[in-house]
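Student: build me a model:
(2 chains)
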Number of protein chains: 2
Amino acid sequence: MKPSVKHEGVIMTKEIRLNGFAMNCAGHLSPGMWTHPRDRSASYNDIDYWTDIARILERGKFDALFLADVLGVYDVFRGTVDAALTHGAQVPVNDPAIVVPAMAQVTEHLGFTITATLSFEPPYPFARRMSTLDHVTRGRIGWNIVTGYLDSAAKGSGLDKQTAHDRRYDIAHEYMDVVYKLWEGSWADDAVLRDRAYNIFARPDRVRKVRHAGEYYRVDAIHLSEPSPQRTPTLFQAGTSQKGMDFAAKHAEGVFVGGPSTHVIAPRVAELRKRARAFGRNAADLLIFMGINVVVDRTEVAARAKLEEYKRYTNTEGALALLSGWTGIDFSQYDWDEPLRYIKNDAMQSVVEGFTVADPNKVWTLRELATSAGLGAAWPLLVGAPDQVADGLQRWVAETDVDGFNLAYIVSPESFADFVDLVVPELQRRGVYKREYTEGTLREKLYGPGRRRLAPDHPGAQFRYVASPT
Amino acid sequence: MKPSVKHEGVIMTKEIRLNGFAMNCAGHLSPGMWTHPRDRSASYNDIDYWTDIARILERGKFDALFLADVLGVYDVFRGTVDAALTHGAQVPVNDPAIVVPAMAQVTEHLGFTITATLSFEPPYPFARRMSTLDHVTRGRIGWNIVTGYLDSAAKGSGLDKQTAHDRRYDIAHEYMDVVYKLWEGSWADDAVLRDRAYNIFARPDRVRKVRHAGEYYRVDAIHLSEPSPQRTPTLFQAGTSQKGMDFAAKHAEGVFVGGPSTHVIAPRVAELRKRARAFGRNAADLLIFMGINVVVDRTEVAARAKLEEYKRYTNTEGALALLSGWTGIDFSQYDWDEPLRYIKNDAMQSVVEGFTVADPNKVWTLRELATSAGLGAAWPLLVGAPDQVADGLQRWVAETDVDGFNLAYIVSPESFADFVDLVVPELQRRGVYKREYTEGTLREKLYGPGRRRLAPDHPGAQFRYVASPT
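Tutor: Have a look, this model is predicted:
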């Protein structure tokens, strides 16, 4: 890693990486904001909404659009999905993969990281779908690996509840082996000739069956797609439990972290890098993105006015529906004006900390928490003029060693457009953000030329096709 | 149905419906033709290849592009996939759904019918994926329902072989009930308000959980997507067994049939319509499409010359790999110059008949069959000037009561472009083909205005959301 140094009063850091963060639904992380007159996220069924977002992000040289997903609904609040439905809090929610090919068609460089829950995707057709996406986008696909966390998703799939957490990760590790074998090991790089003169499409001696007989999966078949530009899509993960962090440290190339303050994020980043080293990987190859919200305008006064205007559209009940789902606490049982410190579990602790860090002396109420969460779900919120936002981003990088940010929107696509028009030029001026894309695949954009495939020290690389001695 | 009448020596028939027929691979049904200098199908990984096809078909007012699929490989010939791989005979093969959103973006009317094998797609995420496709295409999605027929696909999914045929159809009927409940029954038409002023995205009292506890599937969840333009995608099927025909007669709106001659197709069409009536459906709502190949040019002489030129690129071994997969007969065990009549089983009988019908006195050899199969897999081949092809199509409709055709390509996209430029105007001149698209969804294009949703007599309609008495 490049050292962080002070230079002319500005904190110099390594190059900042940026993903846009969205979900195929209205509002995503800012419940109620779909009612804002300038918000277009309620048009998530319309492909033009998505192609517009893609164009904006590519204009801002973002590495990728990161598409979250849940295959379930938020039904902890009052024990029903009613509040989530009423306020469109991540329900209805459409398949993220389907909007990607159209966005890829109107862009040249922007990557697309799709969340897919492996518990509910059989590996054989899933591997083909991702290969197809990698082909049609010319290597711009990432996969955010999720093992599933909502009971409601399990209930959609014939189970009464989620598989136990630890066993879920055992299944996930085996699933990864299966898809690595399909992506990396079934076809040699030179298997496909497309030789019209000699009438040879592919060389059968350079294609082999994946023979996997594990505890949870069995496959005895060749991968159906020929090698795509990246083979294995660029891998992202966001686990925060012990097992989840190990999974990320072993498999992920990008890790997505959320947290309220530098003193929460910094040790987590260090821990992730330490664990990656323990798996024999280059710790710098673990690119860590933190979730962030930005409200920016030409001046601080204008930005603060914009924030106040946004606040009028937040929705308390919708926010509590999301917060209840994330924490497992049914907030409907509490008085909304009760101080937060009386509501406790591990997940809640980190939420509360997110709000208290800004002002440790203030006693937050549930109502206040929900209002703030309505502006981006308890992630750090940077508000100000372009230079103030840039200072804030650089400070996060310097103090936590994250590599970049997943920028959520509050009002879509306005939040993306504001950032691209105002903050990106400032970051470029400071020399901490690219002026041009690197050519090539998403992985090459993140790691540089020549890094089209998984690194040799990545566990997926061991499954690479190696010719048999003849 | 409109009556067929003779008019000025031309056989007048009902309006002819047309689908283009392709697959996300090189060559599809014409093994070897990917080596033809003008064939672009080897570029199936490139999205521009697909958007060009979509534009051509829309120019020709085709109802839809019908995308075949197999989630497996052809490995009956010599007991290995080698011949199929060498000649690119439907392997490698990519996911059909992923190329649709980009094609939808460059067209306004063309429908897209995707083949998906329900045995390997869990119904809950599958239903959401299809709803998402229906949303982003504004209601232009069809689903060709396949229960799976290749053992190699089962082996990709942890099974030693396919589920027994009859049980597979039991599973398929239950699967349909599950997806009908999700598509038709979970959300009321007026559930989603998007009311910014009153801050109501959806009305929870108009959304209900699907509670399905069957023999093979359990679901206890709301559908994740709000109602798409068609809700249930337009349904296609192609079963030919007794159980398969019953499945089609019950569930399908479009049925895809293949057969060599009018005297094979006509009774099958009659039988399908009879069975549809037995299920209480309007027999005319069963739109029956037969597979066909066309080589057309401005004159018959030019068309025949084009056919001869095509023949030089057919591939015998690739064709036998496909034929072996379809018939279950490993043709590598036979002398290629042996007369076909000695090679027998039910599937083979229909293949042989396909070739003998043209010239009943000729003794066909395996080699000759393969050469012809290389030009479109044993489907009827119409060769000639535009008026001759139009005569042939009208004769098929008049003599078999099919509603239209799935037009395969021999050279892609040339076969589509030739047909659109030469045959379509001739059909329009004769008044048997539309000059303009009907507005609306794929279902409305097939059945007319007002038919956006499943017909009331379709079995899926019984699962429609009906308000509870209050």
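
Student: my read is that residue A:402 contacts residue A:289, right?
Tutor: Yes - using Cβ atoms under 8 Å, residue A:402 makes contact with residue A:289 at a distance of 6.7 Å. C-betas here are computed from N, CA, C, even on glycine.

Student: shared neighbours, those two?
Tutor: Here residue A:402 and residue A:289 have residue A:257 as joint contacts, going by Cβ atoms under 8 Å, 6 or more residues apart in numbering or on different chains.

Student: mind telling me which residue of the stretch 51-200 of chain A is nearest chain B?
Tutor: Taking Cβ to the nearest Cβ, chain B has its nearest neighbour within the stretch 51-200 of chain A at residue A:88, 3.0 Å off.

Student: how many residues are close by that residue?
Tutor: Using other Cβ atoms under 10 Å in any protein chain shown, residue A:88 is surrounded by 31 other residues.

Student: low-confidence regions, the stretch 101-250 of chain A specifically.
Tutor: Along the stretch 101-250 of chain A, the model assigns pLDDT under 70 to residues A:148-163, A:165.

Student: nearest to chain B: which residue in it?
Tutor: Using Cβ to the nearest Cβ, residue A:201 is the residue of the stretch 101-250 of chain A that sits closest to chain B, at 3.0 Å.

Student: is it true that residue A:403 touches residue A:290?
Tutor: No - using Cβ under 8 Å, residue A:403 makes no contact with residue A:290, being 9.1 Å away.

Student: pLDDT weak spots in the stretch 301-450 of chain A?
Tutor: Ranges of the stretch 301-450 of chain A meeting pLDDT under 70: A:341-361, A:374, A:376-378.

Student: and the helices in it?
Tutor: For the stretch 301-450 of chain A, the helices defined by DSSP state H, counting those that start in this stretch cover A:316-327, A:346-356, A:366-373, A:386-400, A:414-418, A:424-429, A:442-447.

Student: nearest to residue B:370, of those helices?
Tutor: Closest of the helices of the stretch 301-450 of chain A to residue B:370 is helix A:442-447, at 42.9 Å (criterion: Cβ to Cβ).

Student: list of residues touching that closest one?
Tutor: For helix A:442-447, the external contacting residues (Cβ under 8 Å, 6+ apart) are A:17, A:63-64, A:109, A:111, A:113, A:139-142, A:230, A:233-234, A:253-254, A:285, A:287, A:437-438, A:450-455.

Student: weed out the non-buried ones from those residues.
Tutor: The neighbour-count test (16 or more other Cβ atoms under 10 Å in any protein chain shown) marks A:17, A:63-64, A:109, A:111, A:113, A:139-142, A:230, A:233-234, A:253-254, A:285, A:287, A:437, A:451, A:453-454 as buried among those.

Student: filter these down to the ones near chain B?
Tutor: For chain B, no contacts are drawn from those by Cβ under 8 Å from any Cβ of the partner chain.

Student: not counting sequence-adjacent ones, nearest residue to residue A:438?
Tutor: Spatially, and ignoring its direct neighbours in sequence, residue A:438 is nearest to residue A:445 (5.0 Å; Cβ to Cβ, 6 or more residues apart in numbering or on different chains).

Student: what's opposite the residue nearest to the spatial centre of chain A in the beta bridge?
Tutor: In chain A, the residue lying closest to the centroid (Cα atoms, centre = their mean) is residue A:66, at 4.7 Å. Note on residue A:66: beta-bridge partners by DSSP bridges are residue A:21, residue A:113.

Student: check contacts around it.
Tutor: By Cβ under 8 Å, 6+ apart, the residues touching residue A:66 are A:19, A:20, A:21, A:22, A:113, A:115, A:142, A:144, A:236, A:256, A:289, A:406.

Student: show me the contacts for the third one.
Tutor: Residues touching residue A:21, when contacts are defined by Cβ under 8 Å, 6+ apart, comprise A:28, A:29, A:65, A:66, A:68, A:291, A:406, A:407, A:408, A:409.

Student: hang on, isn't the second one packed against residue A:411?
Tutor: No - if you go by Cβ under 8 Å, residue A:29 and residue A:411 don't touch, sitting 11.7 Å apart.

Student: restricting to C-alpha, output stretch A:434-444 in PDB.
Tutor: Provided in PDB are the C-alpha atoms of stretch A:434-444 (Å, rounded to 0.1, in the frame of the first residue of the first chain):
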ATOM      1  CA  LYS A 434      -8.500   8.600 -11.900                       C
ATOM      2  CA  ARG A 435      -9.000  10.900 -14.900                       C
ATOM      3  CA  GLU A 436      -9.400   8.000 -17.400                       C
ATOM      4  CA  TYR A 437     -10.500   4.400 -17.000                       C
ATOM      5  CA  THR A 438      -7.900   1.600 -17.300                       C
ATOM      6  CA  GLU A 439      -8.700  -0.500 -20.400                       C
ATOM      7  CA  GLY A 440     -10.000  -4.000 -19.900                       C
ATOM      8  CA  THR A 441     -12.200  -5.900 -17.500                       C
ATOM      9  CA  LEU A 442     -13.600  -4.900 -14.100                       C
ATOM     10  CA  ARG A 443     -10.700  -6.800 -12.400                       C
ATOM     11  CA  GLU A 444      -8.200  -4.900 -14.500                       C
END
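
Student: now do the SS call for residue A:294.
Tutor: Look at residue A:294: counting by DSSP: H, G, I helix; E, B strand; the rest coil, its state is strand.

Student: so residue A:61 sits right up against residue A:427, yeah?
Tutor: No - if you go by Cβ under 8 Å, residue A:61 and residue A:427 don't touch, sitting 9.6 Å apart.

Student: what residues are shared contacts of these two?
Tutor: What both residue A:61 and residue A:427 touch, as defined by Cβ under 8 Å, 6+ apart, is the set residue A:433.

Student: these two: who's more crowded?
Tutor: A count of neighbours by other Cβ under 10 Å puts residue A:427 above the other of residue A:61 and residue A:427, at 22 against 19.

Student: wait, what's in contact with that one?
Tutor: A:16, A:390, A:393, A:433.

Student: out of these, which touch chain B?
Tutor: Counting by Cβ under 8 Å from any Cβ, nothing from the contacts of residue A:427 sits close to chain B.

Student: could you dump those to a markdown table with neighbour count?
Tutor: Formatted as a markdown table, the contacts of residue A:427 follow (neighbours: other Cβ atoms under 10 Å in any protein chain shown):
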| residue | neighbour count |
| --- | --- |
| A:16 | 20 |
| A:390 | 27 |
| A:393 | 28 |
| A:433 | 21 |
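
Student: kindly indicate which of the residues you listed lies nearest chain B.
Tutor: Ranked by distance to chain B (Cβ to the nearest Cβ), these are led by residue A:433 at 29.4 Å.

Student: give the buried residues for stretch A:33-50.
Tutor: Residues of stretch A:33-50 classed as buried: A:33-36, A:39-45, A:47, A:49-50 (neighbour count, 16+ other Cβ under 10 Å).

Student: stretch A:404-422 now?
Tutor: Residues of stretch A:404-422 classed as buried by neighbour count (16+ other Cβ under 10 Å): A:404-420, A:422.
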